[in-house]
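[1] What follows is a predicted structure for the sequence shown.
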Amino acid sequence: MNSELLENSTILIVDDNPDNLDVLFDFLSDEGFEILVATGGESALEKAEYALPDLILLDVMMPPGIDGFETCDRLKQNPITKDIPVIFMTALSDVEHKVKGLRSGAVDYITKPIQHEEVLVRVGIHLRLKNLLNLYNRQNLNLQAEVEDRVFAQSALQKLTTELEQRVQERTRELTKTLEALQKSQETLLVREQSLIHSAFHDALTELPNRFYFIERLTQVMAIAYDNPNYFYIVFFIDLERFRLVNDTFGNYIGDQLLKNVAHRAKSCLRDQDTIARLGGDDFMVLLETATNIGEALAIVEKIQAQLRLPFIIQGYEVITDSSVGITISTIGYERTEDILTDVDTAMYHAKAKGKGSYEIFVPSMKTQAKEKLQIEVDLKWAIANQKFVLFYQPIIDLSTNEIYGFEALIRLKNNANEIISPAKFIPIAEETGLIKEIGWWVIETACEQICQWQKFFDVKLMMTINLSAIQLRQINLVKRLEHILNHFSLSKSLVKLEITESCLIDAASPELKVLKQLKNLGIKLCIDDFGTGYSSLSCLHEFPIDTLKIDKSFVNRIGKITGDTEVVQTIITLAHRLGMDVVAEGIETVMQLRLLKNLGCELGQGYLFAKPLPVDEATKFVETWRSQKILNI
């Protein structure tokens, strides 16, 4: 701040907020100003009249009492205080209030929250203008006296007039520069304000509107629909599939580029009046305004999903993804934006449950299912805390010898009402919440302990097959902890087979391959579950250290009934044998299925023809009975 400007400069701060007064008092005092304070309009009028400050910083809103506009009006009506420059401080940004303030006599505005640099610039400019005007007035008076003294001398008068014109021109140039500086400062602040507003309402990565912008726009559209019953809008929620896998496989940079490409493709499918926003992560929200019917919306959804299924070429990598979409419609009668966001999220999870690349329209009954899902999550946490999980064991039979090959361990959940809950219901929720990790270790330890007991009791080696989810496969300590468990029970590693889904084996470059090789080197056997229903590539199947392919029960159920299914099963068995793997068929329910599978060369089988999943005591009796009677000796 210019030292000349600080000389004898007194500022009166008027604000009913003690915190604002303290901040401005400390800041401006440090800059060398003399500071007066007032907490209301009446007090400000009194102090301004007797102290005559050089400048007044006046808050607009000061309830109770007179507000800033009336205070400014009365200051300008008072001959004593009318020439004191007034700068308003306000959080109001609309043009109407600014015009009202300027008409009442204010010279400028400072927008809250207060920025120190902005205060200094605006205060400095107006104090400098005031000094210049005072100097200009004083000089005018001096020049007038000189003119009166020299009125008798025409030559002197002409000279004085010339000097006056020169001084006026010089002061005019100074004033012009000051005004230009003020205008430039205001333009800079405007650009900065616009930049901050854009940043606040847009996603930095994709440049799409963000969650705040979307909710603001949705609120406006809901208000339009409230006043116009014929106004129809649709919201849908897009969730990318396998985005975390892309990040884990290729790195965050490729993941970010994928999101930018997804945003561009999705936006290109929309109309000009529609809004797409990135909520965060791999989630996008779309608002279709003035939609005519649900068919129009579904056409847009299908177009977006078709675009997102096309490969993305990023940094030389071919990245493939898909999407699940939840949809909700304004005809439900929404009054709150949060209800729309909740319902469209619920619909999206129902779409996920249908399978990748699906969409689902929200219906109120989904809320009931959402509550059931939440209850299952509660049951899971309760079961973990109270050890209320149980393992059932389904026998696996060697089809060539009719001997028991081993068991598959299948988890069940007992809730607080002592009801058995199917894993089809709680496993997806356990994976979604991360509880699958703790549950998975319990299954491994319990199954290993049980097979160890059977081995001692029956003096026979039985294979224990244990399901492993993709989330468990990504645990850093998986191999080391598994080895510790097997050593603890003195269990041969060759008697444990981990069963993974086919979708875990997306490609040979995935990090899961390294873990599978470590497990294989440890001596643990590996099996692909439900082969033929997932995403793995046959061309790279030989690169995975797999011992067993399990034929999905959907193929077994149709074998011999539907043309071509027998050939599919034959192809799977032949492929497995050529890659040095054996085959287990699940879901065997009839003798005909069993005979066909044996004739096709399938080594192992399980299903209700032999036994359903059994509690541990019934499984023990099954081993005793089977060994003594050799049931189904076909």
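    Looks like it arrived, so ask away.

[2] drop to CA atoms for contacts and neighbour counts, all remaining ones
    Noted.

[3] who does the strand ranked longest in the chain touch, helix- and strand-wise?
    Criterion DSSP state E: the longest strand present in the chain is strand 403-414. For strand 403-414, the packing partners by 3 or more CA pairs under 8 Å, 6 or more residues apart in numbering; DSSP states H and E come out as helix 365-386, strand 389-398, strand 420-421, helix 423-433, helix 436-458, strand 463-467, helix 616-629.

[4] rerun at 6 Å
    On a contact count with 3 or more CA pairs under 6 Å, 6 or more residues apart in numbering; DSSP states H and E, strand 403-414 meets strand 389-398, strand 420-421, strand 463-467.

[5] Off-centre distance for it?
    Averaging C-alpha positions (CA atoms, centre = their mean, to the nearest Å) puts strand 403-414 39 Å from its chain's average.

[6] Just the C-alpha atoms of that strand, please, in PDB.
    Below are the C-alpha coordinates for strand 403-414, written out as PDB (Å, rounded to 0.1, in the frame of the first residue of the first chain):
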ATOM      1  CA  GLU A 403     -15.300 -93.900  -5.400                       C
ATOM      2  CA  ILE A 404     -15.700 -90.700  -3.400                       C
ATOM      3  CA  TYR A 405     -13.100 -88.300  -4.800                       C
ATOM      4  CA  GLY A 406     -13.800 -85.600  -2.300                       C
ATOM      5  CA  PHE A 407     -16.200 -82.800  -1.300                       C
ATOM      6  CA  GLU A 408     -17.000 -79.300  -2.300                       C
ATOM      7  CA  ALA A 409     -17.400 -77.000   0.800                       C
ATOM      8  CA  LEU A 410     -20.500 -74.800   0.400                       C
ATOM      9  CA  ILE A 411     -21.200 -72.000   3.000                       C
ATOM     10  CA  ARG A 412     -24.700 -71.300   4.400                       C
ATOM     11  CA  LEU A 413     -25.800 -68.500   6.700                       C
ATOM     12  CA  LYS A 414     -28.000 -68.800   9.800                       C
END
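
[7] Identify the residues contacting it?
    388-398, 420-422, 462-466 (CA atoms under 6 Å, 6 or more residues apart in numbering).

[8] Just the buried positions in that strand, please.
    Across strand 403-414, burial judged by 16 or more other CA atoms under 10 Å covers 403-414.

[9] ok, so of those, who is nearest residue 100?
    Ranked by distance to residue 100 (CA to CA), the buried residues of strand 403-414 are led by residue 413 at 69.0 Å.

[10] partner residues bridging the closest one?
    Taking DSSP bridges as the rule, residue 413 bridges to residue 389, residue 421.

[11] ranges for the helices of the stretch 151-300 of the chain?
    Under the criterion DSSP state H, counting those that start in this stretch, the stretch 151-300 of the chain contains helices at 154-201, 211-227, 243-250, 252-268, 294-309.

[12] related to what we said a few turns ago, can you flag the weakest of the helices and strands packed on strand 403-414 by average pLDDT?
    For the helices and strands packed on strand 403-414, the weakest mean pLDDT is recorded on strand 420-421, namely a mean of 82.

[13] could you say what helices and strands it packs with?
    strand 403-414.

[14] between the strand it packs on and helix 365-386, how big is the angle?
    110 degrees (axes from the mean of the first three to the mean of the last three CA atoms, to 10 degrees).

[15] Report the rounded mean pLDDT for strand 403-414.
    The average of the pLDDT scores along strand 403-414 is 92.

[16] how much does that strand deviate in direction from strand 463-467?
    With the same axes, to 10 degrees defining the directions, strand 403-414 sits at 40 degrees from strand 463-467.

[17] For residue 36, see how far away residue 545 is.
    81 Å (CA to CA, to the nearest Å).

[18] Equivalent analysis for residue 429, please.
    64 Å.

[19] Check residue 416 too.
    Residue 416 sits 69 Å away from residue 36, going by CA to CA.

[20] do residue 25 as well
    8 Å.

[21] Leaving out chain neighbours, which residue sits closest to residue 598?
    residue 399 (6.6 Å; CA to CA, 6 or more residues apart in numbering).

[22] my read: that neighbour touches residue 606, true?
    No: the criterion here is CA atoms under 6 Å, and residue 399 misses it with residue 606 at 9.5 Å.

[23] the more surrounded of those two?
    Counted by other CA atoms under 10 Å, residue 399 and residue 606 do not tie: residue 606 has more neighbours, with 27 against 22.

[24] Run through the strands of the stretch 1-150 of the chain in chain order.
    10-14, 34-38, 55-59, 86-90, 108-111 (DSSP state E, counting those that start in this stretch).

[25] Which elements pack onto the third one?
    Applying 3+ CA pairs under 6 Å, 6+ apart, one finds that strand 55-59 contacts strand 10-14, strand 86-90.

[26] As CSV, those with mean pLDDT would be great.
    Output for the helices and strands packed on strand 55-59, formatted as CSV (pLDDT from 0 to 100):
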stretch, mean pLDDT
strand 10-14, 93
strand 86-90, 90
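
[27] got JSON lines for those strands, with distance to residue 70 too?
    Below are the helices and strands packed on strand 55-59 laid out as JSON lines (distance: least, CA to CA, whole Å):
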{"stretch": "strand 10-14", "distance to residue 70": "13"}
{"stretch": "strand 86-90", "distance to residue 70": "12"}
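
[28] Redo the ones you listed as CSV? Include mean neighbour count and distance to residue 488.
    Formatted as CSV, the helices and strands packed on strand 55-59 follow (neighbours: other CA atoms under 10 Å; distance: least, CA to CA, whole Å):
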stretch, mean neighbour count, distance to residue 488
strand 10-14, 23, 76
strand 86-90, 23, 71
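
[29] rewinding a little: can you lay out the helices of the stretch 151-300 of the chain as TSV showing mean neighbour count?
    TSV is the format used below for the helices of the stretch 151-300 of the chain (neighbours: other CA atoms under 10 Å):
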stretch	mean neighbour count
helix 154-201	14
helix 211-227	16
helix 243-250	16
helix 252-268	18
helix 294-309	17
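
[30] Of all these, which one is nearest residue 438?
    Proximity to residue 438 (CA to CA) singles out helix 243-250 among the helices of the stretch 151-300 of the chain, at 20.8 Å.
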